[in-house]
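Chemist: Using only what follows, build the 3D model:
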Amino acid sequence: MQTSALSLQQILAVASSATDKKSSFLQVLADHLALKGPDARSQVVSILLSKISNIKEEIGALPIDDQMKNHLKNQLAPFNGITSLQQVHMNVENAKSHFLKSDNLVGLTNIHLALTGHISQQNVERVEAENLAEKFREIAGRIENEDLPKSLKRSLLKRTLKMASILDHYYAFGPEDLQEELEGLVGAMVVSPPPKGSKVARLYKDLAALSVAGLVILTTVDSSLGKVVSIAENASKMIEYVEDTNPEGG
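Modeler: Numbers count the residues shown, from 1 in each chain. The predicted structure is shown next:
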């Protein structure tokens, strides 16, 4: 089972083991998580802040006395500089001399052990997630070669590649990110459906089918998330729309 503390430990361990000490530790993580674009580092910061915030909430919810909670909070304290954004501009070398020390990463493991049995997240089935991630990357290649409006192509590419990243590195993202990208991808298709008889209809149908497969994974790891019904309904409507407008499967 996964906790936010273990997730943060796994993410930061990647930067800690980086060989290029002069690289930005945020860029190392962005590359590892396959995040692209000018906002890649900002996305990493958002992930780290979310994990730290979740850890604090999870510690606060533990059925233990305040003294033990303070002990756990002290083991999270070395990463306060991330929260205040003072540490986010460091390269790997500087980060390792400040907050990426091995003792601090062990502290996150200790927090994880304290949380285990009280607060945890269900993991995805790794092989299933990796197979679906590969299918999203393959369809991204098809999107790149389709004659689509630039804004739509950009949106679909961004969503499909982000879906692949989330599925490949689910421990770093989690169900909320998976849900958000699924909603965004299906929403983009619903807002800009393919014209009747369009050759991109098959692409839309396949994208909708992949979205349903992503929804299956989402509901497996967290069936309590809201709005998942709308994802299924909209994806199903898109498949039906494509089939109705392309009876021969064009």
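Chemist: drop to CA atoms for contacts and neighbour counts, all remaining ones
Modeler: Noted.
Chemist: how far does stretch 187-201 sit from the chain's center?
Modeler: 26 Å (C-alpha atoms, centre = their mean, to the nearest Å).
Chemist: tell me the contacts of Leu35?
Modeler: Counting by C-alpha atoms under 8 Å, 6 or more residues apart in numbering, Leu35 touches Gln43, Lys162, Ser165.
Chemist: neighbours around Thr19, how many?
Modeler: The local packing of Thr19 (other C-alpha atoms under 10 Å) involves 11 other residues.
Chemist: confidence score at Tyr204?
Modeler: We have a pLDDT of 89 for Tyr204.
Chemist: scratch that, Gly197
Modeler: Looking at Gly197, its pLDDT reads 67.
Chemist: One more: Thr245?
Modeler: Reading off the model, Thr245 has pLDDT 55.
Chemist: which residues touch stretch 105-118?
Modeler: 1, 3-6, 8-9, 12-13, 58-59, 62, 72, 75-76.
Chemist: Tell me which residues touch the residue nearest the centre of the chain, please.
Modeler: In the chain, the C-alpha nearest the mean C-alpha coordinate belongs to Phe173, at 3.2 Å (C-alpha atoms, centre = their mean). Phe173 makes contact with Ile47, Ile166 under the criterion C-alpha under 8 Å, 6+ apart.
Chemist: What helix or strand is the nearest residue to Asp168 once chain neighbours are set aside located in?
Modeler: Residue nearest to Asp168 in three dimensions, not counting chain neighbours: Glu130, with 5.6 Å by C-alpha to C-alpha, 6 or more residues apart in numbering. Assigned by DSSP states H and E, Glu130 falls within helix 126-145.
Chemist: could you say what helices and strands that helix packs with?
Modeler: Under the contact criterion of 3 or more C-alpha pairs under 8 Å, 6 or more residues apart in numbering; DSSP states H and E, helix 126-145 touches helix 150-168, helix 201-221.
Chemist: the inter-axis angle of the last one versus helix 126-145?
Modeler: Right, the one you point to is helix 201-221. Following axes from the mean of the first three to the mean of the last three C-alpha atoms, to 10 degrees, one obtains 150 degrees for the angle between helix 201-221 and helix 126-145.
Chemist: List the buried residues of helix 201-221.
Modeler: Using 16 or more other C-alpha atoms under 10 Å as the test for burial, helix 201-221 gives 201-212, 214-215, 217-218, 221.
Chemist: One more: the shortest one?
Modeler: By 16+ other C-alpha under 10 Å, the buried positions in helix 150-168 come out as 153, 156-168.
Chemist: residues in contact with Asn94?
Modeler: Contacts of Asn94 by C-alpha under 8 Å, 6+ apart: none found.
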